[in-house]
Every structure is written in C-alpha cells, then in structure tokens.
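everything below, folded, please.
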Amino acid sequence: PKLYKVIREGLTIGLFQLESEGMRKAISQIRPEDFNDVSALLALFRPGPMEYIGDYAKRKHEKLHIDYINDDFKAILGPTYGIMIYQEQIMQIVTAMAGFSLADADLLRRAIGKKNEKSILKQKEKFLKGAKDKGFKDKEAIKVFNDILKVADYGFNKSHSVVYAMITMALAYLKTYYPHEFFKEILKGTINDPKKFQLVRNELKALGIKLYPPSVMLSTSEFIKHEEGLLFPLTEIVGLNIESVKKIIALRQEKAFSSV
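Residues are numbered from 1 along each chain as shown. Below is the predicted model of the structure:
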C-alpha cells in the first residue's frame, strides 16, 4: 500500500512513465490503488485512449454507473470498469459476442491497426452475423463493433502495459524502501538540469529527506547518505575539479583536517 500512496501523492520523479506533468494530473484523477490501476493508467495515457481517463476515474470511484451487456462483457471489461483499454479485451469481446476464434479475432485487430478497409468490412459482416446467431440485437452489435474500431486503432496490448507497470512498481518499491540510494542516483542525473533538480529537491522535502551542503571532512565525489538525508559531493563545488577532490580525500584519509 505504501507504494501506491507515494504514486497517489504525485511523488513520481524517477518512476518509469509517471514523471510528466500530464501523467501526474491523470494520477490525481485515477488515484491508483493497485497494480491493475497502474497498468491501465499506462495504457490510457496515450493519444486516443487519453479521452477515457476521466471516465475511468469516475467509474472507479463510483461516480458513474456501469452497464454491461451481459456477464461475459462484465468478466472481460470489469477489471477496467467497462472501458475497452487493451487489445486482448477486444479479441475476447469479438470471441464472446460473435463466436470468432482467437486467430480470427487477431486478424480483425490487425486489419483495424493497418486500416485495411476491405478486410475490416469483410470482418464486420462476419461479426454482425455471428452476433445475430448468438442472439444479440443488431443495434448492440453495431455499437460494439464501432467501439472496437475506435479502440483497436490505438489500443495497447495488455502484456506490454503490464511489463511497463512491473518496471514502474519495481522503481516505486526502491524509492519507498531505499529512498537514499534511489535519490542518490536520481540526483546524479539531474544535478546539471536546474529545473529538474528543483523538482527533485521538492520531493526530497516532501519525503523528509534533507540535502546537506558539501563538507570538506565528509563529502566524496558523489552524493552519500548522511544523518537524515544526503550530503552534496565536493565535485559539485564550482571550480573544484575531480583531481582536486581526489587529493582532498587522500589527504584527509592520512590525517583529518584541523583548520583551513
């Protein structure tokens, strides 16, 4: 639960795919509580499905009623609150509603992705007939097929989204339970980017991790853990080169400095 709390609070610097301002806004709407939410978030935050972020959030937080055509649709779309997000869901729906084999369902998915109009029309005819044979109304089948056309054009496959989410959550774990080690690496990569460095400093403050100024007695050539936070490296002092830093460290190892 701690990992999702860090994400919900928008503390996403260094978390794969979650760093942008737009993504933080989406997080504030969806307020992820589990792995499925993170996976869906990564699939939704792309051109096309982005328009469903608000709907997903409202349905998740029970501010919008969800209607399912039948129990099959509930089983397929329940985990994403009735919204088609993944290519795998499209294939399952085509199979459940029109009796397509998974191989045929994949042919339809590919035809839509490649915008192969001839193939799409052929598959549409087959889909509508299959749905009718299974007892669905023409109106229902046409609506579902049009939804599929819209989503399949830009739909993410779930396997891709899940792997992304695994990387995101692995980083969230490190950030939550090993914050000093995590931020040491983040600071190393952002020290020369004032805008990003300020964002990192803001997060450190929010997490109660202090950033100590460099110390001639303790600092090294990189950020190190010190008391309640991290100690600046000597190499970040303007005008002090790495050779001078090595010399200072070597000298103080021989005998601690007692004066300037």
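
show me what whatever helix or strand L108 lives in is packed up against.
Following DSSP states H and E, one finds L108 within helix 102-113. Contacts defined by 3 or more C-beta pairs under 8 Å, 6 or more residues apart in numbering; DSSP states H and E place helix 102-113 against helix 87-98, helix 117-133, helix 138-152. C-beta: built from backbone N, CA, C; applies to glycine.

could you dump the ones you listed to JSON lines with mean neighbour count?
Formatted as JSON lines, those follow (neighbours: other C-beta atoms under 10 Å):
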{"stretch": "helix 87-98", "mean neighbour count": "22"}
{"stretch": "helix 117-133", "mean neighbour count": "15"}
{"stretch": "helix 138-152", "mean neighbour count": "16"}
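
distance to K5 and mean pLDDT added to the ones you listed, as TSV?
As requested, these are exported to TSV (distance: least, C-beta to C-beta, whole Å; pLDDT from 0 to 100):
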stretch	distance to K5	mean pLDDT
helix 87-98	29	94
helix 117-133	44	92
helix 138-152	31	90
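
dump these to TSV, plus distance to L15.
Output for those, formatted as TSV (distance: least, C-beta to C-beta, whole Å):
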stretch	distance to L15
helix 87-98	25
helix 117-133	38
helix 138-152	26
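
start to end distance for stretch 233-248?
Stretch 233-248 has its terminal residues 12 Å apart, counting by C-alpha to C-alpha, to the nearest Å.

what mean pLDDT does it get?
Averaged over stretch 233-248, pLDDT sits at 94.

do the same with stretch 200-220
Taken as a whole, stretch 200-220 has a mean pLDDT of 95.

any idea which helix or strand carries the spatially closest residue to F35 that is not a sequence neighbour?
Spatial nearest neighbour of F35, excluding adjacent residues (C-beta to C-beta, 6 or more residues apart in numbering): A165 at 6.2 Å. In this assignment (DSSP H and E), A165 forms part of helix 158-177.

before we move on, what about K225?
In this structure, K225 is located in strand 224-226 according to DSSP H and E.

what lies in contact with the following helix or strand past that strand?
The helix or strand immediately downstream of strand 224-226 is strand 229-231, counting by DSSP H and E. The contact list for strand 229-231 (C-beta atoms under 8 Å, 6 or more residues apart in numbering) reads 180, 183-184, 187, 204, 209-212, 214-215, 218-219, 223-225.

now stretch 105-124
Residues from elsewhere that reach stretch 105-124, judged by C-beta under 8 Å, 6+ apart: 87, 90-92, 94-95, 100, 104, 127, 145, 148-149, 152-153.

and which of those residues is nearest L240?
Nearest to L240 among these is Q87, at 54.1 Å by C-beta to C-beta.

could you double-check that that closest one sits in contact with S159?
No: contact criterion C-beta atoms under 8 Å: Q87 and S159 do not qualify, at 9.1 Å.

what mean pLDDT does stretch 158-169 have?
What stretch 158-169 shows for mean pLDDT is 96.

in it, what counts as buried?
Burial within stretch 158-169, assessed by neighbour count using 16 or more other C-beta atoms under 10 Å, is assigned to K158, S161, V162, Y164, A165, T168, M169.

E9 - nearest residue in space that isn't next to it in sequence?
In space, E9 is closest to A206, 7.5 Å off (C-beta to C-beta, 6+ apart).

just checking: what are the partner strands of the strand holding K225?
Sheet pairing here is set by DSSP bridges, and for strand 224-226 it gives strand 229-231 (antiparallel).

off-centre distance for the partner strand?
A distance of 28 Å separates the centroid of the chain from that of strand 229-231, by C-alpha atoms, centre = their mean, to the nearest Å.

what lies in contact with the helix or strand following it?
For strand 229-231, the succeeding helix or strand toward the C-terminus, using DSSP H and E, is helix 242-254. With contact meaning C-beta under 8 Å, 6+ apart, helix 242-254 is reached by V216, M217, T220, S221, P233, L234, T235, F257.
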